[in-house]
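No letters, just coordinates:
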């Protein structure tokens, strides 16, 4: 019943991320309201709910892309401990976002530079943190293409010539190359064919446990949450209505909305 | 004696509320107490609807604990599943409590051998050792070696169940929860599973199970824990 939790997250005393009463308003309209949770090293958390429930708004607040109207997002910086990310300098936050974090967009075109080569897409993140050794960058890039099951002979081709599934895997390689500790993923499989989804999910699942990654995955697909996530938050109208271990929430839903969601899933 | 106690349930009650069926309330467990020691195999016994699966799932924190406590002796201390943090629950599941359900949850593309070895790999066991133990278990359960490298999606129900059993037994959990592990098996394989349960118990596991098959039940049980169906609430 708990496919994602065969390897327990590592114990560290302080959380990697602390989200405290985060609210994001758009004028009168609520994006998300009063969301709090801790995330530890190695934990994968899914955020589920229907379109417009505030999942992506919340993700953007947590990932440093949209300042909350109220509340704080604290990240456990190496050697410094928990720090409010919105009180870091912009340069510092940008560096954090491209080294210690990754962000996988639903549409790979939003996360890739579509007209430069696949290799440059991956190598770029290494150069951004100061690596200048061409041969080493190329080797590392090939290694990551291999790990996400991309044909390394396509290294000089532009991702515009790749299929959607290949683009998504390239986007993941681009993010993982700097060894981030935390990945944000916004509907990573939603734009793919079902057969390609399974492959990507299996790949993500393997990489997350192998690398000890923490991740926050926004999805409307409860099967994706079941397969990838240790924990699950259910959102409705901008608020978290239920949370717990993924199998608890899906097998013993308490809130009326969660019960409706779970009972609405089509059985294949 | 208390040093051998692994599971301690006190006053466990559970009522399901179905919000989309006019808020129907289904009381399933009422003030259940249960102690399970190392070396015991306690079989939950009662008619359909008496809450056997609900109790078993509560011991894994798969079902939430509304009233009462479920304590597990984990890593030298007692952890109450009713108020443990999510990562504590995950640690209890990774190290102390194993759950073997009736059905295998197939993961796309993952071969049978890998599926069985995964709990050991997750615990840091070297791949070679993990795969050799996985192979030994699959062989003992009569899963043909030619299937080991295939994902079990296309296996028969009985083959999938045996893969699931191998996965559940490989970690030698101190507490083992078995939800009808023999339901889809022929008599030869039922006997193998009964042997495995006996072995785990003799090695000191505290086992709680549900078995509808009389023969298996009388074979593996050291004690029955009766459960009765509750009257439905108005």
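Now that the structure is in, tell me what you want to look at. Predicted model only: the values in this text are computed from it and were never measured. Numbering: from 1, shown residues only, chains lettered A, B, ... in the order given.

gap between the one residue in the stretch 101-250 of chain A that gets nearest to chain B and residue A:222?
Distances between the stretch 101-250 of chain A and chain B by Cβ to the nearest Cβ are smallest at residue A:198, namely 3.6 Å. Every residue, glycine included, has its C-beta placed from N, CA and C. Separation of residue A:198 from residue A:222 (Cβ to Cβ, to the nearest Å): 15 Å.

Give me the more crowded residue out of these two.
residue A:222 (20 against 17; other Cβ atoms under 10 Å in any protein chain shown).

I'd say that one and residue A:262 touch.
Yes. Assessed by Cβ atoms under 8 Å, residue A:222 is found in contact with residue A:262 at 6.9 Å.

what touches both of these two?
By Cβ atoms under 8 Å, 6 or more residues apart in numbering or on different chains, residue A:222 and residue A:262 have these common neighbours: residue A:250.

how about the residues of chain B near chain A?
B:17-20, B:57, B:60-64, B:86-87, B:89-91, B:93-95, B:99, B:101, B:105, B:107-110, B:118-119, B:121-123 (Cβ under 8 Å from any Cβ of the partner chain).

change it to 6 Å
With Cβ under 6 Å from any Cβ of the partner chain as the criterion, chain B meets chain A at residues B:19-20, B:62-64, B:86-87, B:89-91, B:93-94, B:101, B:105, B:107-109, B:118-119, B:122.

Of those, which belong to helices?
B:86-87, B:89-91, B:93-94, B:118-119, B:122 (DSSP state H).

Looking at those, which one is closest to residue B:40?
Proximity of these to residue B:40 (Cβ to Cβ) peaks at residue B:93, which lies at 20.5 Å.

Count the residues that sit near the closest one.
There are 26 residues near residue B:93, going by other Cβ under 10 Å.

likewise residue A:194?
9.

Quick check: it vs residue A:166, distance?
Residue A:194 is 16 Å from residue A:166, by Cβ to Cβ.

Make sure I have this right: residue B:212 is in a helix.
No. Read with DSSP: H, G, I helix; E, B strand; the rest coil, residue B:212 is coil and lies in no helix.

Where does the residue nearest to residue A:231 when sequence neighbours are not counted sit, in terms of helix or strand?
Once flanking residues are discounted, residue A:231 sits nearest to residue A:45: 4.7 Å by Cβ to Cβ, 6 or more residues apart in numbering or on different chains. Per DSSP states H and E, residue A:45 falls inside strand A:44-48.

On the pLDDT front, check the residue in chain B positioned nearest to chain A for me.
Chain A sits closest to residue B:122 of chain B, with a gap of 3.0 Å, by Cβ to the nearest Cβ. Residue B:122 is assigned 82 on the pLDDT scale.

what do you get for residue B:227?
Reading off the model, residue B:227 has pLDDT 94.

Next, work out how far apart it and residue B:52 are.
Relative to residue B:52, and taking Cβ to Cβ, residue B:227 is found at 6 Å.

same check, this time on residue A:144
49 Å.

Over to residue A:51?
For residue A:51, the distance to residue B:52 - Cβ to Cβ - is 40 Å.

Who has more neighbours out of these two?
residue B:52 (25 against 7).

Model confidence score at the more buried one, please.
pLDDT, read off for residue B:52, is 96.

Could you verify my assumption that residue A:22 touches residue A:60?
No. Proximity of residue A:22 to residue A:60 does not meet the contact threshold set by Cβ atoms under 6 Å, at 10.7 Å.

mind listing what residue 102 touches?
All of this refers to chain A. A:175, A:180, A:183 (Cβ atoms under 6 Å, 6 or more residues apart in numbering or on different chains).

was after chain B, sorry
Contacts of residue B:102 (Cβ under 6 Å, 6+ apart): B:179-180, B:183.

Would you format these as JSON lines with pLDDT and secondary structure included?
Below are the contacts of residue B:102 laid out as JSON lines (pLDDT from 0 to 100; DSSP: H, G, I helix; E, B strand; the rest coil):
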{"residue": "B:179", "pLDDT": "94", "secondary structure": "strand"}
{"residue": "B:180", "pLDDT": "93", "secondary structure": "coil"}
{"residue": "B:183", "pLDDT": "87", "secondary structure": "coil"}
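
which of those residues has the most neighbours?
Ranked by neighbours (other Cβ under 10 Å), the contacts of residue B:102 are led by residue B:179, which has 22 neighbours.

For that residue, list each beta-bridge partner.
residue B:210 (DSSP bridges).

how close does it sit to residue B:53?
For residue B:179, the distance to residue B:53 - Cβ to Cβ - is 6 Å.

Now do the strands for chain B: every range, in order, please.
With DSSP state E as the criterion, chain B has strands at B:5-18, B:24-37, B:41-45, B:67-74, B:77-80, B:97-100, B:175-179, B:206-210, B:223-226.

Domains in chain A, by residue range?
The domain map for chain A lists A:14-100+A:180-263, A:114-179, with the assignment taken from automatic domain parsing.

rewinding a little: now that we have the residues of chain B next to chain A, which of them are buried?
B:62-64, B:86-87, B:89-91, B:93-94, B:101, B:107-108, B:118-119, B:122 (16 or more other Cβ atoms under 10 Å in any protein chain shown).
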